[in-house]
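Q: Just the structure for this:
(2 chains)
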Amino acid sequence: MTLVLDVPDWPGHLPGQHVDVRLTAPDGYTATRSYSVSAPARGDHVELTVQRVPDGEVSSFLADGLAVGDAVRLRGPVGGWFVWRAAQPEPVLLVAGGSGVVPLMSMLRARTEQDPDASPPFRLVYSVREPDDVIYRDELVALAALPSGAGVRLHLVHTRRAPDGDVRPAGRLREDDLVAPGWEAADAPTCYVCGPTGFVESAADLLVGLGHAAEHIRTERFGPSGP
Amino acid sequence: MDFVTRGFQGRPRGRDDRLPPGQYLTADFPVLSAGPTPGVDHDDWELWVATEDGTRHTWSWAELMELPSDTVTVDIHCVTSWSKLDTEWRGVSLDTVLADVETAADFALVHSYGGYTTNLPLEDLLDGQAWVAFEFDGDDLRPEHGGPARLLVPHLYFWKSAKWVRGIELLLEDSPGFWEQLGYHDYGDPWREQRYQGD
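A: As a prediction, the model looks like this:
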């Protein structure tokens, strides 16, 4: 689910940053969760993609209780580490598990909005359980197919069920999913890994094993009880 | 101070005096780190303390294990809003580690394997408030939670409890650490909800 919030005087944000959404009940009780921003700022509009968590106190309310015109308290932008800055010249390897794709999508969109031809090459390795779980599918496929977007590569990993005819059988992320010409350890890409804890641990370990320097690997995790 | 969000009630709740403002309870133990988990063997592990005049004290893993340790049960609070109550740890008190360290420093910058840093006032590491912890829930501390050993400073937000601790630099002046340079609060008291700079 994508929410577009109108935030007067929004100072702007960097791709990869998140915001804190705080809800307040009539008795003063508050609940705060962090959500990644999924797109570059467009004026005062801030776009969040929220995955509904079963029994999630905040995500369920945002999905079912919030109506157009309602106000929530927003804090941010937060986080200055898991960000991509346009001035970075090196290739970028994005590794997403499930809804971990959201902040990476913000980076991809920012790259596309600038000048794709003058931007470093991006590769997104995106792990989902099954084909229906791919968020932003049409946009991703279009990005990877653009002639001028030759610098964007998309590699889907299906862990439970692959689409019919897929050359890659369903299974967890493996070393060879992360290897591609232009994004190998010798190319020194900056790697952004985002997803559930187990996925991030495993992907970051694979990258280290492939020779990527630890300082080139930035991680962001959704805990099992995360947003 | 906050306006009410129309229609929001939140989870049913009793009064829980142990939960700081804006926090929710979790039963599991989420992991948050900025990069890959560094693998450090006990054989290569070392803890150092460096004072403001350059004096350096070091402990090997075996030497740390020879120090008296405490088992403590504490509540922990992460800046990302989860809190976990009654967590059990075993570790060496910083009072023990720093007992023979001569210093006039008021601040500490804690260093981790992997390059992470975090800063605290030295007094927050003393008087039974902080440990070098190496067991969680009766088992060796797992690498993703900071093993072989992490700092444990439960009265501050948990990013101050640096995973994979390797050294403590004692300083006369405050020097911001990794998250503190990236917009997070310099002190991080969960009861005053000091999440970000300016709180």
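Q: going forward, measure contacts between C-alpha atoms and count neighbours the same way
A: Noted.
Q: which parts of the host helix or strand of A:Leu143 are buried?
A: Using DSSP states H and E, A:Leu143 falls within helix A:137-145. The neighbour-count check on helix A:137-145 (16 or more other CA atoms under 10 Å in any protein chain shown) flags A:140, A:143-144 as buried.
Q: now swap in stretch A:176-188 and tell me
A: Under 16+ other CA under 10 Å, the buried positions of stretch A:176-188 are A:177-178, A:182-185, A:188.
Q: Enumerate the residues of chain B near chain A.
A: B:2-11, B:21-24, B:26, B:28-37, B:80-81, B:114, B:144, B:182-183 (CA under 8 Å from any CA of the partner chain).
Q: Which ones among those map onto strands?
A: Using DSSP state E to define strands, the subset of these located there is B:Tyr24.
Q: for chain B, what spans make up the strands?
A: B:24-25, B:46-50, B:56-60, B:70-77, B:82-93, B:107-112, B:117-121, B:131-136, B:139-140, B:150-152, B:165-171.
Q: what's the distance between the first one and the middle of its chain?
A: Chain-centre distance of strand B:24-25: 19 Å, with CA atoms, centre = their mean, to the nearest Å.
Q: which residues are contacting it?
A: A:31, B:19, B:81-85 (CA atoms under 8 Å, 6 or more residues apart in numbering or on different chains).
Q: Which pLDDT does the model give the closest residue to A:Gly65 other than its chain neighbours?
A: In space, and not counting its chain neighbours, A:Gly65 is closest to B:Gly7: 6.7 Å by CA to CA, 6 or more residues apart in numbering or on different chains. Note on B:Gly7: pLDDT of 89.
Q: again, but for the one 3 residues further on
A: Model confidence at B:Gly10, expressed as pLDDT, equals 85.
Q: Ignoring the adjacent residues along the chain, who's closest to it?
A: Per CA to CA, 6+ apart, closest to B:Gly10 is A:Glu57, 6.2 Å.
Q: List the contacts of the one you found.
A: Applying CA under 8 Å, 6+ apart, the residues near A:Glu57 are A:31, B:10-11.
Q: show me where chain A has strands.
A: Going by DSSP E, chain A shows strands at A:2-6, A:18-24, A:30-36, A:45-49, A:73-78, A:92-97, A:122-128, A:152-158, A:190-196, A:217-222.
Q: From one end of stretch A:24-36 to the other, what's the distance?
A: With CA to CA, to the nearest Å as the measure, stretch A:24-36 spans 20 Å from end to end.
Q: Sort out which residues of it are buried, please.
A: Neighbour-count burial for stretch A:24-36 [16+ other CA under 10 Å]: A:24-25, A:29-36.
Q: is that stretch up against chain B anywhere?
A: Yes. Using CA under 8 Å from any CA, stretch A:24-36 reaches chain B at A:24-26, A:28-34.
Q: Wait, B:Asp174 touches B:Ala108, no?
A: Yes. Taking contacts as CA atoms under 8 Å, B:Asp174 lies within contact range of B:Ala108: 7.4 Å.
Q: which non-adjacent residue is nearest B:Pro154?
A: B:Ile76 (5.3 Å).
Q: what number of residues lie near residue 42?
A: Just so you know, I chose chain A. Using other CA atoms under 10 Å in any protein chain shown, A:Arg42 is surrounded by 11 other residues.
Q: try again with chain B
A: 13.
Q: wait, what's in contact with it?
A: Counted by CA under 8 Å, 6+ apart, B:His42 has contacts B:61, B:148.
Q: Tell me the buried residues in stretch B:179-186?
A: B:179-180, B:183-186.
Q: Please tell me how far it is from the chain's geometric centre.
A: Using CA atoms, centre = their mean, the offset of stretch B:179-186 from its chain centre is 15 Å.
Q: what is the rounded mean pLDDT of it?
A: According to the model, stretch B:179-186 has a mean pLDDT of 94.
Q: got the contact list for it?
A: Contacts for stretch B:179-186 (CA under 8 Å, 6+ apart): A:78-81, B:118-120, B:159, B:176, B:194-199.
Q: Model confidence score at the closest residue to A:Leu206 other than its chain neighbours, please.
A: Closest residue to A:Leu206 in three dimensions, ignoring its sequence neighbours and counting by CA to CA, 6+ apart: A:Glu175, at 5.9 Å. You'll see A:Glu175 listed with a pLDDT of 97.
Q: Could you work out the most separated pair of the residues of stretch A:24-36 next to chain B?
A: Using CA to CA, the residues of stretch A:24-36 next to chain B span at most 21.6 Å, a distance reached by A:Pro26 and A:Ser34.
Q: which residue sits farthest out from the middle of chain A?
A: In chain A, the greatest distance from the average C-alpha position (CA atoms, centre = their mean) is reached by A:Asp27, at 34.8 Å.
Q: per-residue pLDDT, residue 4?
A: Unless you meant another one, I'm taking chain A. Looking at A:Val4, the pLDDT reads 93.
Q: actually chain B
A: B:Val4 is given a pLDDT of 89.
Q: Distance check, it against A:Tyr29.
A: On the measure of CA to CA, B:Val4 and A:Tyr29 end up 9 Å apart.
Q: List the contacts of B:Thr5.
A: For B:Thr5, counting by CA under 8 Å, 6+ apart, the contacting residues are A:23-26, A:70-72.
Q: residues contacting residue 155?
A: Using chain A here. A:123-126, A:177.
Q: wrong one, I was asking about chain B
A: So B:His155 contacts B:76, B:129, B:189-190 (CA under 8 Å, 6+ apart).
Q: of those residues, closest to chain A?
A: B:Pro190 (13.5 Å; CA to the nearest CA).
Q: Would you check that that closest one makes contact with B:Pro154?
A: No. Assessed by CA under 8 Å, B:Pro190 is found out of contact with B:Pro154, at 9.8 Å.
Q: hey, what's in contact with both of these two?
A: The contact lists of B:Pro190 and B:Pro154 share B:His77, where a contact means CA under 8 Å, 6+ apart.
Q: Can you give me the domain assignment for chain A?
A: A:2-78, A:92-222 (automatic domain parsing).
Q: Work out the gap between the last one and the centre of the chain.
A: Its chain's C-alpha centre and that of domain A:92-222 lie 9 Å apart, by CA atoms, centre = their mean.
Q: and stretch B:27-41, C-alpha only, in CSV?
A: Provided in CSV are the C-alpha atoms of stretch B:27-41 (Å, rounded to 0.1, in the frame of the first residue of the first chain):
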residue,chain,number,x,y,z
ALA,B,27,8.9,-10.7,22.7
ASP,B,28,11.5,-11.4,20.1
PHE,B,29,14.9,-9.7,19.6
PRO,B,30,15.1,-7.7,16.4
VAL,B,31,18.5,-7.0,14.9
LEU,B,32,19.7,-3.6,13.6
SER,B,33,23.2,-3.0,12.3
ALA,B,34,24.6,-0.7,9.7
GLY,B,35,26.7,-3.2,7.9
PRO,B,36,27.7,-6.9,7.7
THR,B,37,28.2,-8.8,11.0
PRO,B,38,32.0,-9.0,11.6
GLY,B,39,33.2,-12.4,12.6
VAL,B,40,35.7,-12.2,15.4
ASP,B,41,37.3,-15.3,17.0
